[in-house]
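Q: dropping the sequence and predicted coords here.
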Amino acid sequence: MPRMLLLLAVLAIGAAPSLPPLPELPESRDRADAGAAATAQSGSPALEGVFGIAAGECAGGAVTSGSYFRMVNPGGSPESGPYVSNGDSDCGDDTYTPLTPGSDGGLLTGTYQPHPQPAFGTNGGGLADRITRPEGFFGVDFSTATNPTDPQTGVDVPAPTVTFDCDASLTGDVRAFAAAWNRQHFNQGAPKPDGSTPSGTSGPTGTFHPATGAYTLTWSSRIQGGPFDNFTGVWHLEGTFRGTGPDACTTSTTAPTTSSTSDAPPSTAATPNEAATSRQADSMPDTGAPLLIAPLALALALLGAWRRGGAA
């Protein structure tokens, strides 16, 4: 009989419902949500398409709007010169050579616009006309192109890239950019084909307005070798970008913060962890503890009764 009573008690205890898992604390969920929000923030998307070139315009002096080229004398700086005068320029300030868009409308990113074959005309002028139209420079046309292999150094180079910081600024890599003049090639990229930035070489940097596509892009590149060794070319493009990339920008949100005044009384409120623990206890589901006590008490009562009966 005692064994049977004990077996009944064990079976009753085993049939009682088990404790459910503790609910997740709000603090843990907040940390997870913050991490997901940080991961969702976008970096600087690449703008792929055509940076349309607006033709340079000069009203009796310097270029006042649009795109242009300037050349800096050795020892000068891209910002302040001194600059080389180009007798073929249409500007009153002939240190500016206005640029006009070529057959592609401007500079393509993510792909190349290589020199044609042959690259030069009978008088030695460059024939490439996809980025910009050939322009006169000391009686010979120069042209611009981007090539998988830099024609001056023979180094393989990536296609031009321009990235947007999702604010208003552009940066990029135009090491594939080159000029052809008088049967000679001159790398005019930034950085240089090997990734270096010798004195005078910088950029490209610029501005971009996603709503309108309006942009500016400027870089400078020191010439290495040939008749213009140590001269520096300054390239300024502006116009309208058409392509993909701006929509990749995302805006991040910042969680609001609370402030307190210095003369406020000390707070007696529970800390977040204490409050969460209290809420967790308040919302704890019924564990079925009474179901554990009742059969055990019954078994003990029957066992006591049996013993008293036996003693009698």
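A: The structure has been received and is ready for your questions. Numbers count the residues shown, from 1 in each chain.

Q: which one's the longest strand in this structure?
A: In the chain, assigned by DSSP state E, the strand with the most residues is strand 232-244.

Q: so what's the nearest residue to residue 90 once chain neighbours are set aside up against?
A: Once flanking residues are discounted, residue 90 sits nearest to residue 98: 6.4 Å by CB to CB, 6 or more residues apart in numbering. For the C-beta atoms, the positions are set from N, CA and C on the backbone; glycine is no exception. By CB atoms under 8 Å, 6 or more residues apart in numbering, residue 98 lies in contact with 55-58, 63, 66-68, 89-91, 135.

Q: for residue 98, give its distance to residue 58.
A: Counting by CB to CB, to the nearest Å, the gap from residue 98 to residue 58 is 6 Å.

Q: for the two, list the residues in contact with both.
A: Common neighbours of residue 98 and residue 58, using CB under 8 Å, 6+ apart, are 90-91.

Q: so what's residue 144 bridging to?
A: Counting by DSSP bridges, residue 144 forms beta bridges with residue 179.

Q: what does residue 68 give?
A: residue 98, residue 236.

Q: could you report the neighbour count for it?
A: Look at residue 68: counted by other CB atoms under 10 Å, it has 25 neighbours.

Q: and for residue 64?
A: As a burial measure, residue 64 scores 13 neighbours (other CB under 10 Å).

Q: correct me, but it touches residue 57?
A: Yes. In this structure, residue 64 is within contact of residue 57 by CB atoms under 8 Å, at 5.9 Å.

Q: ok, residue 103 to residue 197 distance?
A: Residue 103 is 31 Å from residue 197, by CB to CB.

Q: could you list the low-confidence segments of the stretch 1-150 of the chain?
A: Across the stretch 1-150 of the chain, the ranges flagged by pLDDT under 70 are 1-43.

Q: show me the strands in it, by range?
A: 48-53, 57-58, 63-65, 68-77, 81-83, 97-98, 106-108, 135-137, 140-146 (DSSP state E, counting those that start in this stretch).

Q: who touches the fourth one?
A: Where contact means CB under 8 Å, 6+ apart, the residues beyond strand 68-77 that reach it are 56, 78, 81-84, 86, 95-99, 135, 200, 220, 228, 230-236.

Q: most packed of the strands of the stretch 1-150 of the chain?
A: With neighbours taken as mean count of other CB atoms under 10 Å, the strands of the stretch 1-150 of the chain reach their highest mean count in strand 106-108, at a mean of 25.

Q: tell me which strands it pairs with, and in which orientation.
A: According to DSSP bridges, strand 106-108 has these partners: strand 48-53 (antiparallel).

Q: and stretch 187-205, what's buried?
A: Buried residues in stretch 187-205, counting neighbours by 16 or more other CB atoms under 10 Å, are found at 187-193, 200-204.

Q: got it, and stretch 97-116?
A: Neighbour-count burial for stretch 97-116, counted by 16+ other CB under 10 Å, picks out 97-99, 101-102, 105-110, 112-115.

Q: can you pull the pLDDT of residue 245?
A: The model reports residue 245 with a pLDDT of 88.
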